[in-house]
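In: Provided below are the primary sequence and the corresponding predicted coordinates.
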Amino acid sequence: MKLTCRYIIIFVFALFFASFHGLPDLKPSRILQLMNDSIKNIKTLRVNISALEREAASFHTANSEIKLQTKPRRLYFKNPEKKVQILYTAGQLNNKALVRSASVPLTLTLDPMGQLMRKDQHYTIHELGFDFVAKGMSFIISKDKEGLNNFKYYGKVAKNGYQCHLLEYENKNFGYVDYIVGEHETVSSIANKTSVNEYLIHYKNGLLNHYDYLKKGSVIKIPNLFCKKAVLYIDEKTMLPVVASLFDDKGVFENYEYTKMEINKIIPEEEFMRNYKGYNF
C-alpha cells in the first residue's frame, strides 16, 4: 500500500510540474494523466491479456482471461492453453491464492509473492490488470531527469480493433550502474527503492527466479533508467492501454496486449468463489 501511494504521488507530481513549466507539447502529459486516472477509477475488469516476456535467452508467451475487482481485491485468472486457474481474495486464506494446474492433480494454496507463483513471471498477480503500467510510467518519469520531454505523441492509430493514442518514450542514455546490496535486501526491494524495473535486475545479474535476500555487501548491476524505450497504444474511449511494450538495450523484453475489455460492469460475487460453475478448485 505504501508503495502504491508513493508511485501515484510521484506520477501526479510529475504531471503537475510539467503543466506549469512550459513544455512545448503538453499532449503526452495530458494523455498520461488521463490514463492514470482511468486506471485508478477501475472498480471491476474483465479482460484477455496476451503476454510476451523475455527470460534468459528466450521468450515465453501466455494468453490469459482475467476477472478483477479492485476493492476488496478479488481475482480470477485462467490460462486455457496451460490449463492453469488462480483464485485470490484479499484477506482470505492468509492472503494466499488457490492454484489449480493440469500438471498437478490437486488444488494448491500458495503465496502470491512466493517463488512457486513468481517463477518465470515478470509480475505478480497483485499487478495483473493495468497497475504495473501506471507504476512503470511513474517510475520512468521519476527516474529520468528529462521526464516528459522524452515522451512523443504520434497521433491516433488503429490497433487491435481500437482507435488509440500512440505514445512513445525513449532515452538513449540507458545503461547499468553498480549497486552495493544492503542488509535484508531483495531484488524486489531494490527495484522499488531505486524506481527501476525488477526484471532487468534479475536478467542482468543472472538472478532469474531468485527472490530471497541477497548477500549484504555484494555488488550488482541495476539500470540507470526504468527502461530504454516504452511504447503505449491507449484506447481513446477508455484511456486504458491496449498495448504496452518495454525495451532495454537488447530490444523488447515484455509486451502485453489487452482485448475484450469490460470496465466497471458488475461481476457477481459467486464468480470469485471456488465452487463457481466451470472452475476446478
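Out: Yep, it's here.
In: contact partners for residue 184?
Out: Residues in contact with residue 184 (CB atoms under 8 Å, 6 or more residues apart in numbering) are 213, 216. In short, each C-beta sits where N, CA and C put it, glycine included.
In: for the chain, which segments count as strands?
Out: 44-54, 59-69, 74-79, 84-89, 97-101, 104-110, 151-159, 162-170, 176-180, 219-223, 229-235, 241-248, 251-263 (DSSP state E).
In: what count of nearby residues applies to the closest residue to residue 130 other than its chain neighbours?
Out: Nearest residue to residue 130, sequence neighbours excluded (CB to CB, 6 or more residues apart in numbering): residue 39, at 4.6 Å. A count of nearby residues for residue 39, using other CB atoms under 10 Å, gives 22.
In: picking that back up, reformat the strands of the chain as CSV; add mean pLDDT, mean neighbour count and distance to residue 128.
Out: Formatted as CSV, the strands of the chain follow (pLDDT from 0 to 100; neighbours: other CB atoms under 10 Å; distance: least, CB to CB, whole Å):
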stretch, mean pLDDT, mean neighbour count, distance to residue 128
strand 44-54, 97, 18, 8
strand 59-69, 97, 16, 6
strand 74-79, 98, 20, 6
strand 84-89, 97, 22, 9
strand 97-101, 96, 20, 11
strand 104-110, 92, 12, 15
strand 151-159, 96, 14, 21
strand 162-170, 97, 19, 20
strand 176-180, 98, 13, 28
strand 219-223, 98, 18, 23
strand 229-235, 98, 21, 18
strand 241-248, 98, 22, 13
strand 251-263, 97, 17, 10
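In: let me have those strands in TSV, extended by distance to residue 33.
Out: Formatted as TSV, the strands of the chain follow (distance: least, CB to CB, whole Å):
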stretch	distance to residue 33
strand 44-54	20
strand 59-69	23
strand 74-79	27
strand 84-89	30
strand 97-101	33
strand 104-110	37
strand 151-159	12
strand 162-170	12
strand 176-180	30
strand 219-223	25
strand 229-235	11
strand 241-248	14
strand 251-263	18
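In: nearest to residue 208, of those?
Out: With CB to CB as the measure, strand 44-54 is the member of these nearest residue 208 (10.0 Å).
In: any idea what residue 241 is bridged to?
Out: Beta-bridge pairing of residue 241 under DSSP bridges involves residue 234.
In: OK, contacts around it?
Out: Applying CB under 8 Å, 6+ apart to residue 241 gives the contacts 35, 130, 133, 232-235, 256, 258.
In: for residue 150, same thing?
Out: Counting by CB under 8 Å, 6+ apart, residue 150 has contacts 144, 169-171.
In: what's the first-to-last distance across stretch 141-156?
Out: Using CA to CA, to the nearest Å, the end-to-end distance of stretch 141-156 comes to 23 Å.
In: if I look at residue 120, how far off is residue 60?
Out: Distance of residue 120 to residue 60, given as CB to CB, to the nearest Å: 6 Å.
In: isn't residue 177 up against residue 224?
Out: Yes - taking contacts as CB atoms under 8 Å, residue 177 lies within contact range of residue 224: 5.2 Å.
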